[in-house]
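*Asks:* Test case, fold it:
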Amino acid sequence: MDVNYDFDGTVALVTGASGALGGAIARAFHGAGASVAAADVVEPDDDDGFFDSEGVRFYEGNFTDEGDVARVVDAIASDFGRIDHLANIAGTWRGGTPLDETDVETFDFLFDVNLKTMFLASKHVIPHLRETGGAIVSVSARSSLEGGTGDGIYRASKAGVRLLTETIAEENKGVVRANAVMPSVIDTEMNREMMPDADFDKWVDPDQIAQTVLFLCSDASSATSGAAVPVYGEA
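*Replies:* Modelled structure (predicted):
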């Protein structure tokens, strides 16, 4: 059964929009009628010209830097006149060493990219979402539900995303909804290169996760806030 969303007249800010998941979510919002503010620290590979589409604007910004975040959010609000949805997609994975062999630079990097970006984007966008009765969806991870071997810092940073999501939901009851999605392994070119012997058919396609993000921003999920939604597929 096909599901269609109508986001006409709304504005979605998608961080990490140059990546596979962020790009899929930006395209899904645009396909559902939303204007899209696509943000990332690096410019996207735009082979299909999506970022030149009507109603789509790309904003280059370092979302680990509060001044840059404030600048980008102010520019989006000025350009579009409002912000209705925030998709905190910026993030990455690092691992491979036990905790006692992990350098502090890896800790700082993962907490900056996975958690600080989510915190800063949410901090500066929430006032706009209070005006529009908007929603936030952030990316946590299935592995954040428990400790594990070799990527404990990544898991901890993604657990932080889930806890901040619950905090935002609690602090903004009845005004701004906040939820998280929890992927396992996403079917991206980078993950296929890292794990060439895996069964790719069990991984979740970014477009599938994008549909869950749209649902969590839509009126269809108006009763849902503070949730951590599994998007594991069969992985």
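*Asks:* just checking, next helix/strand downstream of the helix or strand containing D74?
*Replies:* Assigned by DSSP states H and E, D74 falls within helix 66-80. Next along the chain after helix 66-80, taking DSSP H and E as the criterion, comes strand 85-88.
*Asks:* which other helices and strands contact that following strand?
*Replies:* strand 11-15, helix 20-31, helix 117-132, strand 135-139, helix 206-217 (3 or more CB pairs under 8 Å, 6 or more residues apart in numbering; DSSP states H and E). For the C-beta atoms, the positions are set from N, CA and C on the backbone; glycine is no exception.
*Asks:* hmm, back to that, next, the buried residues of the helix holding D74.
*Replies:* 68-69, 72-73, 76-77, 80 (16 or more other CB atoms under 10 Å).
*Asks:* what sits up against the helix ranked longest in the chain?
*Replies:* When the chain is parsed with DSSP state H, its longest helix is helix 152-171. Here helix 152-171 makes contact (CB atoms under 8 Å, 6 or more residues apart in numbering) with 88, 91, 93-95, 99, 102, 106-107, 110-111, 114-115, 118-119, 122, 126, 136, 138-141, 143-148, 176-180, 182, 225-226, 228.
*Asks:* just the buried members of those?
*Replies:* Using 16+ other CB under 10 Å, the buried ones in these are 88, 91, 93-95, 102, 106-107, 110-111, 114-115, 118-119, 122, 126, 136, 138-141, 143-144, 176-180, 182, 225-226, 228.
*Asks:* In strands, which of these fall?
*Replies:* 88, 136, 138-139, 177-180, 182, 228 (DSSP state E).
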